[in-house]
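K.L.:
kindly generate the corresponding structure for this input.
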Amino acid sequence: MSDNESLDPAEIHAQAAALAAHLQRSGVSFLPVANPASVELLADQFAVPEPSSPDPPAVSPPKPPAPAAASKPAMPKTRLETVPAFSTTDGDYDGKALSADDRKAQLQILAEQVSQCTSCEILASCRTQTVFGEGSPQARFLFFGEGPGADEDRSGRPFVGKAGQLLTKMIVACTLDRADCYITNTVKCRPPGNRNPEGDELQNCKAFYQQQLNLIRPEYIVCLGAIAASELLGTKLSVGRLRGKFHQYRGSKVLVTYHPAYLLRNPAAKKAAWEDLQRLMADAGIELPGK
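P.N.:
The predicted structure follows:
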């Protein structure tokens, strides 16, 4: 049926009667009796009114704007993602920069103070000697580790054991000379059993390494491992989260990478550490062989 056709009540009634007769011949014993009034009402409901002069189209009221979807909060970073760079202070190092001779003299005075320190009763009682640090007082690059080990405790020099030998190779691979760098640790005494330095031990040594940094004023500080990074940057994030970018400590750029002792236990991480050193050299304007 087209849109312009209507149903004739009489025709509906006739068709219904014919259908009823057919069903009775087919054996259907009961059929409802059609009500002519109901049939006529049904036909009226389906009837299409005669066309008339068109009315102007109704203007629908504007629909209210759909409510904006609630913005989802940013998903937290996974533990594998890096973080924005840390800056421990906006200021430069305290005081004016000293000459090379004055820096050397001040470092010697500070080393003597460290050798007499007994603030950490346990460390002072079990050490052979303190391990202050060594290198150029005008070093452009300063390597900042965790604490002395057994070899360092015996010799009084930082990073001379197996981990120190690997660090020296890393420095040489960067076309640098170890003597032109400066190497030190967060604590100046060996923790017993090579355990991590404890909070009060780190706090007691903080003033010593801060004075070292303030005298040397390196352009770059390389934090070797999580303890060094945590101390310098004031964060508990892992090396994996901190590496891959430069942070800031006073007037020095800070790069975080894996400790050489960790690399000896996990050789697969050497590739990442080398990428960190390549980033360091590129920023310093030093071209590495084979690049």
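K.L.:
okay, now the domains of this protein?
P.N.:
Domains of the chain are assigned by automatic domain parsing as 9-45, 100-284.
K.L.:
so who does Thr184 touch?
P.N.:
By Cβ atoms under 8 Å, 6 or more residues apart in numbering, the contact set of Thr184 is 132-134, 142-145, 158, 209, 212. Bear in mind the C-beta positions are built from the backbone N, C-alpha and C, glycine included.
K.L.:
one step back: redo the domains of the chain as a markdown table? Include mean pLDDT and distance to Tyr93.
P.N.:
Output for the domains of the chain, formatted as a markdown table (pLDDT from 0 to 100; distance: least, Cβ to Cβ, whole Å):
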| stretch | mean pLDDT | distance to Tyr93 |
| --- | --- | --- |
| domain 9-45 | 56 | 93 |
| domain 100-284 | 97 | 5 |
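K.L.:
please work out which of the ones you listed is packed deepest.
P.N.:
domain 100-284 (a mean of 18; mean count of other Cβ atoms under 10 Å).
K.L.:
what about that domain, how long is it end to end?
P.N.:
Start and end residues of domain 100-284 are separated by 21 Å (Cα to Cα, to the nearest Å).
K.L.:
circling back: turn the domains of the chain into a markdown table, including distance to Phe86.
P.N.:
Converted to a markdown table, the domains of the chain look like this (distance: least, Cβ to Cβ, whole Å):
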| stretch | distance to Phe86 |
| --- | --- |
| domain 9-45 | 77 |
| domain 100-284 | 4 |
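K.L.:
who does the host helix or strand of Leu213 touch, helix- and strand-wise?
P.N.:
In the assignment (DSSP states H and E), Leu213 maps to helix 199-216. Packed against helix 199-216 by the contact rule (3 or more Cβ pairs under 8 Å, 6 or more residues apart in numbering; DSSP states H and E) you find helix 100-115, strand 141-145, strand 182-185, helix 226-233.
K.L.:
a markdown table for the ones you listed, including distance to Asp151?
P.N.:
Listed next are the helices and strands packed on helix 199-216 as a markdown table, based on distance: least, Cβ to Cβ, whole Å:
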| stretch | distance to Asp151 |
| --- | --- |
| helix 100-115 | 18 |
| strand 141-145 | 13 |
| strand 182-185 | 13 |
| helix 226-233 | 18 |
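K.L.:
closest to Glu198 out of these?
P.N.:
Taking Cβ to Cβ as the criterion, helix 226-233 is the member of the helices and strands packed on helix 199-216 that comes nearest to Glu198, at 10.7 Å.
K.L.:
and the closest one with strand 141-145, angle?
P.N.:
On the basis of axes from the mean of the first three to the mean of the last three Cα atoms, to 10 degrees, helix 226-233 is oriented at 120 degrees to strand 141-145.
K.L.:
counting contacts, what elements does the next helix or strand after helix 226-233 pack onto?
P.N.:
Counting by DSSP H and E, the next helix or strand C-terminal to helix 226-233 is helix 239-242. With contacts defined as 3+ Cβ pairs under 8 Å, 6+ apart, helix 239-242 has these neighbours: helix 226-233, strand 252-257.
K.L.:
quickly find the element holding Tyr262.
P.N.:
Tyr262 belongs to helix 260-265 when assigned by DSSP H and E.
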